[in-house]
Every structure is written in C-alpha cells, then in structure tokens.
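Student: I'd like to go over a predicted model; first the sequence, then the structure.
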Amino acid sequence: MDIEKLKTFCAMAKNQSFTKASEELFCSQPTVTKHIQEIENYVGCKLFDRIGKKVYLNENGKLFLEYAETVLNLTRDYLAKICEMESLNRGILSFGATGSIGVYRIPQLLKKYLSKYPNIYINLHVNFYHKILEYIHTNVIDFALIADNGEIIENKSLICVPFCSEKLVLIIPPFHRWKDRNNINIEELEEECFICSNKESATMSFVKKIITGRGIDIKKTIELGNIEAIKQAVEAGLGVSIIPENTIEKEIAFGGLIGLKFRDIKFIRKLYYVQKKDKILSAPARAFIGILKESYPNLEL
C-alpha cells in the first residue's frame, strides 16, 4: 500500500473533511478523493460513511485506521534508524580478514574506528582465504582484507585493491645453530623441520609456492593451527618457519625468537582490500574504509 495514500487516509480520518484534509496535506481536494477511492477499491469495501456534506469513519474504516497508523509509525521508526546508521550513531560493521591480518592488523584499525564511532557493533569474520572469498560472494560480509596466497584473483565480479605490502621472515629459536648469522641460503631449509599451518592458510600457501618453485624439498614438517602455535613451536625448538615480520615484533624484542633473511630471495607479498563490484556499502563500512585509507595511504578506492 502506498505510504502517501495511507497519510491521506489518516488525515481524512482525523479531519472528516476532504477540504481540511487537502489543506493539511498541501494537495488538491480531487487528489484526496482519488486516494480514498483507490484505498477503498483495494480493500474491497467502503471505509467512510458520507452523510450529506459530512464524512465519518465506519467500523471498517476504524479497523483500517489501526493498520494505517501502525504502518506509518513503523515507517517513521525505520527511517529514523536508517538516518541514525547513516549518521554513524548506530549500525553494524560486518567484514572479514584472513588470519594474520585479522589477528595482528585489524585490532589497531578497530581501535581508531571505535574511538570515532563507539556505537557501531563489530562483526568480524577471521577465516582462511577461500572461506573469506565465499563470505564476500554470499553477502555474509560487506568486504574483506586478505593476504596474497600466491594465486591471482581474476574474478570480474570482485574489486581487489592492494593496500600495503608485507615482508615475511624466517624465524628460529635463540639457541639455533644459525643464531649468529644474518641470512641463510633458502636451500638450507631442506636440513630443517619446517613448522607450517593449515594448508588453507594464505601465508603457508604463499610460502610453499615460492619454496617449491625453487625446487626445495623439505622432508620433515609439523602442521599446526595458526601463527601463534607456530611461534610457540619454534620457540620450543621444534623447527623453523616463515611468517609475516609484523607478527613477531614482541618475540624478537624479548629475545624469544630471531628473525632471519634469505640471502638470495625476498618473501614479500601484497595485502588486498576486496569487495563485490555491485555491493552498496553501509555507512559503517564506508567509515572503516576511511580509517583504512588513513592508516594505509596507498589504498586507491
């Protein structure tokens, strides 16, 4: 039912006069008459009794008035809520990230975001690369920050824009035989037990593509769930691993781990902002992109 027609009906019910209703609504009397006729045709019965020049609500009209007022009140309430969301006084920020981004980069971004927009509810999905892309395609999330996993995203339905690059480093425990070296040859990895995370991890997919591309054959591996578990295993001396440099800042500062470079190769990957091309972002999402641009000025959106 047309909202304007419901407004006309309520004005008629209050004023019981076509003339007064038209004056209240700033429209012509024929327009009021037309709206009332269209409503009565729609519901299939008369809603007003016309006695001489006077118009009165009948019983059907009184029942329809309850409906009309309920619809108009709900409409006003939801329009007010939408306005609040657009003004960022309320709303939901729903987005995703792959593991290391979600754990090590998102908290600082959310700190800045919530200092500006404290009433926004945060719904963050941290998962593996392909799962996050699935969430984007199925509209579970509005957008995502994902790490390069060595694949090329060629899906024309997605906007995929790099926002920064990050370096990955080899980590060893402080008592390892390489502890006094500045760098190593990548071929030396074949002598070590390599600690890796789930095969769906973007970080490990990226690392393995480079290692296998260089013909490196690592014979012994231990697979763990996430980067935190990998760091603990390396600290305990169970092996070595390659993870993002920004994830080991505390461990290096306190001497729990040592980060090494490779002599003949650099592990550098891009981090991407991803969303569907036809996605209309909410005000909370647009505000987060503003924070992202402040933190990573190279982002071009």
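Tutor: The structure has been received and is ready for your questions.
Student: domains of this protein: list them as residue ranges, please.
Tutor: 3-86, 92-164+270-295, 166-269 (automatic domain parsing).
Student: would you map the strands across the stretch 151-300 of the chain?
Tutor: For the stretch 151-300 of the chain, the strands defined by DSSP state E, counting those that start in this stretch occupy 158-172, 183-184, 193-197, 220-224, 241-244, 258-262, 267-276.
Student: pick the most buried one from these.
Tutor: strand 241-244 (a mean of 25; mean count of other C-beta atoms under 10 Å). For every residue, glycine as well, the C-beta is placed using N, CA and C.
Student: and that strand, how far out from the chain middle?
Tutor: Distance, stretch centre to chain centre, for strand 241-244: 26 Å (C-alpha atoms, centre = their mean, to the nearest Å).
Student: mind listing what that strand pairs with, with the direction of each?
Tutor: Strand pairing for strand 241-244, using DSSP bridges, gives strand 158-172 (antiparallel).
Student: what's the angle from the strand it pairs with to strand 258-262?
Tutor: What separates the directions of strand 158-172 and strand 258-262 is an angle of 110 degrees, with axes from the mean of the first three to the mean of the last three C-alpha atoms, to 10 degrees.
Student: Throw the domains of the chain into TSV and include mean pLDDT and distance to L301, thanks.
Tutor: Compiled in TSV, these are given as follows (pLDDT from 0 to 100; distance: least, C-beta to C-beta, whole Å):
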stretch	mean pLDDT	distance to L301
domain 3-86	86	19
domain 92-164+270-295	91	6
domain 166-269	92	19
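Student: quick check on I216: phi, psi?
Tutor: phi -80, psi 130 (degrees, to the nearest 10).
Student: do the same with N155
Tutor: Per degrees, to the nearest 10, the backbone of N155 is at phi -80, psi 120.
Student: roughly how far does it sit from E166?
Tutor: 23 Å (C-beta to C-beta, to the nearest Å).
Student: one more: G44?
Tutor: To E166, G44 is 67 Å away according to C-beta to C-beta.
Student: picking up where we left off before, nearest to V126, out of the strands of the stretch 151-300 of the chain?
Tutor: With C-beta to C-beta, the closest approach to V126 among the strands of the stretch 151-300 of the chain belongs to strand 193-197: 13.3 Å.
Student: show me what the closest one is packed up against.
Tutor: Contacting strand 193-197 under the criterion 3 or more C-beta pairs under 8 Å, 6 or more residues apart in numbering; DSSP states H and E are the following elements: helix 202-213, strand 220-224, helix 227-235, strand 241-244.
Student: please repeat the previous calculation with a cut-off of 6 Å.
Tutor: On a contact count with 3 or more C-beta pairs under 6 Å, 6 or more residues apart in numbering; DSSP states H and E, strand 193-197 meets strand 220-224, helix 227-235.
Student: what does it contact?
Tutor: Residues outside strand 193-197 that contact it (C-beta atoms under 6 Å, 6 or more residues apart in numbering) are 204, 218, 220-224, 226, 230, 233-234, 239, 241.
Student: just the CA atoms of it, as PDB, please.
Tutor: This file holds the C-alpha atoms of strand 193-197, laid out as PDB (Å, rounded to 0.1, in the frame of the first residue of the first chain):
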ATOM      1  CA  CYS A 193      62.000 -29.400  10.300                       C
ATOM      2  CA  PHE A 194      59.500 -26.800   8.900                       C
ATOM      3  CA  ILE A 195      56.600 -25.700  11.000                       C
ATOM      4  CA  CYS A 196      53.600 -24.800   8.900                       C
ATOM      5  CA  SER A 197      49.900 -24.000   9.500                       C
END
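Student: got the angle for that strand vs strand 158-172?
Tutor: Strand 193-197 and strand 158-172 are oriented at 150 degrees to each other (the same axes, to 10 degrees).
Student: and strand 193-197, how far from the chain's centre?
Tutor: The chain centroid and the centroid of strand 193-197 are separated by 31 Å under C-alpha atoms, centre = their mean.
Student: can you offset everything so residue one is 210?
Tutor: With the count now opening at 210, the last piece we talked about shows up as strand 402-406.
Student: Y338 contacts T307, doesn't it?
Tutor: Yes - taking C-beta atoms under 6 Å as the definition, Y338 is a contact partner of T307 at 5.4 Å.
Student: shared neighbours, the two?
Tutor: Common neighbours of Y338 and T307 (C-beta under 6 Å, 6+ apart) are A411.
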